[in-house]
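K.L.:
I would like to see how this sequence folds:
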Amino acid sequence: MLGASINVVPFMIHRSVPGIGPNVLPAFLFAMLPALLAAFAYGSLASAMPRAGGSYIYASRGLNPYLGFIASFSQWFGLSIVIGVIAYIIVPFVRDVFVGLDWMQAADLMEVASIRIGIALALIWLFIYINIKGGKFYERTVVPLMFIMFGLGVIVIISGFIFDQQDYVSAVPESAKFLEGTEGSFDPLVFLSAAAILFSSFIGFDAIAQAGGEAKKPNKNLPKAILLAITIVGSFYFLFTIAMYHAVPWGYVADQAVAKDITAPGLIGPLLPVGLSVAILFGAAIALINDLPAMLLSVSRLVFAWADDGIFPKKIAVTHPKYQTPHRALYLSGIIASIGVLGSHFAGDFFLGIDIMVTSMMVNFLLMCLTLITITKVNPTLANEIKMVKSLSKQRLIGYGGVLLLLVFLTVHTLKDLNADVDAWYFRSTPVWLIVMGIGSAIYYFKTKALKRSGKDLKALFSKLPEE
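P.N.:
I've put the predicted structure just below:
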């Protein structure tokens, strides 16, 4: 989730978690710990079970079929909603590009609700089409966007280290009052609350696992790709955020975050020539756009895996006759993502969608770490296929460490959500998530009951991997 993770979340965090003050960077670094442990768990499980559906396959075969479904249903719902959130917040970045180019009429159009919603929906369905076309077409689309995104992100990093906060005061005089005498206190609960939100920045490597057998030599390449993703992208995140806070006073960032929606390009833009400012705005828009195809790939493969096991209607598991991709699963995920767009518009606060996603993915990652602990007893045959982190003691260290940290994060995040001052209960992420998990549990109950009536041996079904 590179786009929102570096351009929005590390700065808007001051609105979501007031009082984090100058501790954003330590919280950002701390948030990486459970993500790293979850990445090792994902990588280890992927080496043994390289199939489409990733987390669903891992937990249903190595932990418990119901918990496997809940882990993946949670992931599917959270990521589908946040796909809509990301598509919705792309439009203001495009608007700011137009403002930078002095195309004011085009910029004004981006403020029209119907146009903003229309563009967001068009982006979602464009990338559904790209995913349906398959791996090579997907690669030709996403890889160039990735290079543009990283290249323009490097401009921000270099600029952030070249300029300092005195330079920023010269460019933005109203930030002067935040330069001196702005000190923040350290509150452990606030720190953990911020770390829980910033944890969302590292979500995305799980998308690699969902494609499973579609990769070449998946047993070897999936674990490597997962660890490379979390290491390279995590380092890029941290450099980007350090550079931004080196150039822009944190007090000014916090003040602006409370007053309005802010982004990294908008904050650092006053330090740069107009051309460069427009370029990084364009890069941020590209980064957000680039989030969409990988996330759609991830969530659609989960639906495909459920249908393949009979937990969803079999018709959903049908692949495209020409491209051999799960087009119907993509359509279903696209519908939920489209609801995310509409929800972002009518709720008026995209952070609700991010909070839902954080809860969903913490539960998912926690269950993946738990699966790494239990798989040796639940399914020793598949446990013996693990080719990454073969040592049982190391597996348990990763598993227990991940479970402990993620439980702490989830508890703090839930308490923050339940104690938040909101206008109505449905503006809290926890009850919304619980309702959706209740729906998921009902689906699982009725579908497994139907499978049993049909004579299906569920123990045999969930003890082996589906056909490639």
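K.L.:
contacting residues around the residue nearest the centre of the chain?
P.N.:
The structure's the chain has its C-alpha centroid closest to residue 203; by CA atoms, centre = their mean the separation is 4.0 Å. Going by CB atoms under 8 Å, 6 or more residues apart in numbering, residue 203 touches 1, 5, 35, 79, 357, 361. No exception for glycine: its C-beta is placed from N, CA and C like everyone else's.
K.L.:
Pipe these into CSV and attach pLDDT and secondary structure per row.
P.N.:
Shown next, in CSV, are these (pLDDT from 0 to 100; DSSP: H, G, I helix; E, B strand; the rest coil):
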residue, pLDDT, secondary structure
1, 54, coil
5, 72, helix
35, 89, helix
79, 88, helix
357, 88, helix
361, 90, helix
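K.L.:
and stretch 275-289, which residues are buried?
P.N.:
By neighbour count with 16 or more other CB atoms under 10 Å, stretch 275-289 contains the buried residues 276-289.
K.L.:
Residue 191 is in contact with residue 408, correct?
P.N.:
No - judged on CB atoms under 8 Å, residue 408 makes no contact with residue 191 at a distance of 11.5 Å.
K.L.:
re the thing from before, farthest-apart pair in the contacts of residue 203, please.
P.N.:
For the contacts of residue 203, the maximum inter-member distance is 15.2 Å, found between 35 and 79 (CB to CB).
K.L.:
re the thing from before, so which of the buried residues of stretch 275-289 belong to helices?
P.N.:
276-289 (DSSP state H).
K.L.:
quick one, which of residue 408 and residue 191 is more surrounded?
P.N.:
More crowded of residue 408 and residue 191, by other CB atoms under 10 Å: residue 191, with 20 against 14.
K.L.:
okay, residue 35 and residue 79: which has more neighbours?
P.N.:
Per other CB under 10 Å, whichever of residue 35 and residue 79 has more neighbours is residue 79, with 30 against 24.
K.L.:
Where do the helices of the stretch 301-450 of the chain begin and end?
P.N.:
Assigned helices in the stretch 301-450 of the chain, in chain order: 327-347, 351-378, 380-383, 392-418, 429-453 (criterion: DSSP state H, counting those that start in this stretch).
K.L.:
Could I get the buried residue list for the following helix or strand past the last one?
P.N.:
Same thing as helix 429-453. Counting by DSSP states H and E, the next helix or strand C-terminal to helix 429-453 is helix 458-461. Residues residue 461 are the ones in helix 458-461 that count as buried (16+ other CB under 10 Å).
K.L.:
Which strands or helices does helix 458-461 pack on?
P.N.:
When contacts are defined as 3 or more CB pairs under 8 Å, 6 or more residues apart in numbering; DSSP states H and E, helix 458-461 sits against helix 429-453.
K.L.:
okay but residue 350 is in contact with residue 341, surely?
P.N.:
No - using CB under 8 Å, residue 350 makes no contact with residue 341, being 10.3 Å away.
K.L.:
Now for these two: what residues contact both?
P.N.:
With CB under 8 Å, 6+ apart, residue 350 and residue 341 have common neighbours 85, 88.
K.L.:
which one of those two has more residues nearby?
P.N.:
Ranked by neighbour count (other CB under 10 Å), residue 350 and residue 341 place residue 341 first, with 25 against 22.
K.L.:
got the contact list for the more buried one?
P.N.:
Applying CB under 8 Å, 6+ apart, the residues near residue 341 are 84, 85, 87, 88, 117, 120, 121, 124.
K.L.:
Same question for residue 132.
P.N.:
By CB under 8 Å, 6+ apart, the neighbours of residue 132 are 320, 323, 325, 327, 330.
K.L.:
So it, which state does it fall into?
P.N.:
Under DSSP: H, G, I helix; E, B strand; the rest coil, the three-state class of residue 132 is helix.
K.L.:
Which residue lies closest in space to it, excluding its sequence neighbours?
P.N.:
Closest residue in space to residue 132, ignoring its immediate chain neighbours: residue 327 at 4.8 Å, by CB to CB, 6 or more residues apart in numbering.
K.L.:
Next: residue 250.
P.N.:
The shortest distance from residue 250 to any residue other than its chain neighbours is 5.1 Å, reached at residue 22 (CB to CB, 6+ apart).
K.L.:
in the stretch 1-150 of the chain, which ranges drop under the pLDDT threshold?
P.N.:
1-4, 135-142 (pLDDT under 70).
K.L.:
what ranges do the helices span in it?
P.N.:
Using DSSP H, counting those that start in this stretch, helices in the stretch 1-150 of the chain cover 2-7, 9-16, 24-48, 55-62, 65-100, 104-109, 113-133, 135-162.
K.L.:
how about the fourth one: buried residues?
P.N.:
If you call a residue buried by 16+ other CB under 10 Å, then helix 55-62 has these buried ones: 55, 56, 57, 58, 59, 60, 61, 62.
K.L.:
what about the closest residue in space to the last one that isn't next to it in sequence, neighbour count?
P.N.:
Counting by CB to CB, 6+ apart, the nearest residue to residue 62 once its immediate chain neighbours are dropped is residue 375, at 3.5 Å. Using other CB under 10 Å, the number of residues around residue 375 comes to 27.
K.L.:
I'd guessed residue 330 sits against residue 127; true?
P.N.:
No - contact criterion CB under 8 Å: residue 330 and residue 127 do not qualify, at 9.3 Å.
K.L.:
Could you tell me which residues touch both of the two?
P.N.:
Counting by CB under 8 Å, 6+ apart, the contacts common to residue 330 and residue 127 are residue 296.
K.L.:
Turn the contacts of residue 132 into CSV, including neighbour count and distance to residue 97.
P.N.:
As requested, those are arranged in CSV below (neighbours: other CB atoms under 10 Å; distance: CB to CB, whole Å):
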residue, neighbour count, distance to residue 97
320, 14, 35
323, 15, 33
325, 22, 32
327, 21, 32
330, 25, 29
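K.L.:
And the residues you listed, which is closest to residue 110?
P.N.:
Closest to residue 110, out of all of these and judged by CB to CB, is residue 330, at 27.2 Å.
K.L.:
Nearest spatial neighbour of the closest one, chain-adjacent residues omitted?
P.N.:
Closest residue to residue 330 apart from its sequence neighbours, by CB to CB, 6+ apart: residue 300 at 4.3 Å.
K.L.:
can you tell me how far the one you found sits from residue 434?
P.N.:
Distance of residue 300 to residue 434, computed by CB to CB, to the nearest Å: 25 Å.
K.L.:
okay, those two: which has more neighbours?
P.N.:
Between residue 300 and residue 434, residue 300 has the larger neighbour count (other CB under 10 Å), namely 29 against 12.
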